[in-house]
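In: A structural model of the following input is requested.
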Amino acid sequence: EDTKERNFEIFEILPEGWKIVPLKGIGNIVTGNTPSRSDLANYGGEIPWVKPPELDNVDLIVKTEETLTEKGARVARLVPKGTVLVSCIGNLGKVGLAGTQLATNQQINSIVLNEQLVLPKYCFFYCKTLKKWLNDNSSATTIPIVNKNRFSEAPFLLPPLSEQHQIVARVEALLSQINAARDR
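Out: Residues are numbered from 1 along each chain as shown. The predicted model follows:
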């Protein structure tokens, strides 16, 4: 209980209608896996298979370097379009957004969202702010790890849907300005 309180003390006063909930309160958390490499029939199909280097891009993930076949997908844990992907082993806090049904390796925890509560783009942008929390809450091993149970307890700032739409629009406008300035 003491740990849970520390997770949420980063927020002081919330606007009316806003809540702080654990990630597990906004959707189902799924940890990826790797189908057997010894069975070549698992790989080379049409199903994107995401690894951490493919995260941290604003674009929706629809294609990946490595893919799974239908057979490999039956072994993997498929997640739907709109799922938010977060690296929780090694380079913690890299984030992606599924633009199609796909699978991930075991370094990634995915949030299959309850879209009646949260917009995928809002969750994507918010999860980009979790890097410090993930590092602070990782196990003390040679490779930092935040397991599924710990990740499920990460604090999530949940405004009303109407405000999520406004936040996403503002962040996207700012990113557009940044990209235009970079291009110039």
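In: just the strands in the protein please.
Out: Remark: strands assigned in the chain by DSSP state E are 19-22, 27-31, 43-50, 67-68, 84-87, 95-97, 103-104, 108-113, 155-158.
In: of these, give the one that comes closest to A181.
Out: strand 95-97 (22.7 Å; C-beta to C-beta). Any C-beta I mention is one placed from the backbone N, CA and C, and that applies to glycine too.
In: residues in contact with the closest one: which ones?
Out: 50, 54-57, 60-61, 82-87, 120-121, 124, 127-128 (C-beta atoms under 8 Å, 6 or more residues apart in numbering).
In: the same query, at a cut-off of 7 Å, please.
Out: Applying C-beta atoms under 7 Å, 6 or more residues apart in numbering, the external contacts of strand 95-97 come out as 50, 54-57, 60-61, 84-86, 120, 124, 127-128.
In: what about the helices in the chain?
Out: Counting by DSSP state H, the chain has helices at residues 2-8, 70-75, 120-127, 131-136, 148-152, 161-183.
In: contacts only, for the nearest residue to W133 once chain neighbours are set aside.
Out: In space, and not counting its chain neighbours, W133 is closest to A154: 5.8 Å by C-beta to C-beta, 6 or more residues apart in numbering. By C-beta under 7 Å, 6+ apart, the contact set of A154 is N7, P22, L23, L130, W133.
In: my guess is the second one meets E153, correct?
Out: Same thing as P22. Yes: look at P22 against E153 with C-beta atoms under 7 Å: they come within range, at 4.8 Å.
In: go ahead and confirm D56 touches N91.
Out: No: judged on C-beta under 7 Å, D56 makes no contact with N91 at a distance of 9.0 Å.
In: surely Q106 is in contact with W49?
Out: No: using C-beta under 7 Å, Q106 is not in contact with W49, being 11.5 Å away.
In: comparing these two, which residue is more hemmed in?
Out: W49 (23 against 13; other C-beta atoms under 10 Å).
In: pLDDT score assigned to that one?
Out: In this model, W49 is scored at 97, pLDDT.
In: so what's it up against?
Out: Applying C-beta under 7 Å, 6+ apart, the residues contacting W49 are T64, E66, T67, L68, L102, A103.
In: cutoff 6 Å now
Out: For W49, the contacting residues are T64, E66, T67, L68, A103, by C-beta atoms under 6 Å, 6 or more residues apart in numbering.
In: out of those residues, who has the most neighbours?
Out: For the contacts of W49, the largest number of neighbours (other C-beta under 10 Å) sits with A103, at 26 neighbours.
In: I'd assumed V79 was in contact with that one.
Out: No: assessed by C-beta atoms under 6 Å, A103 is found out of contact with V79, at 7.1 Å.
In: what about the protein, any weak spots by pLDDT?
Out: Applying pLDDT under 70 to the chain flags residues 1-12.
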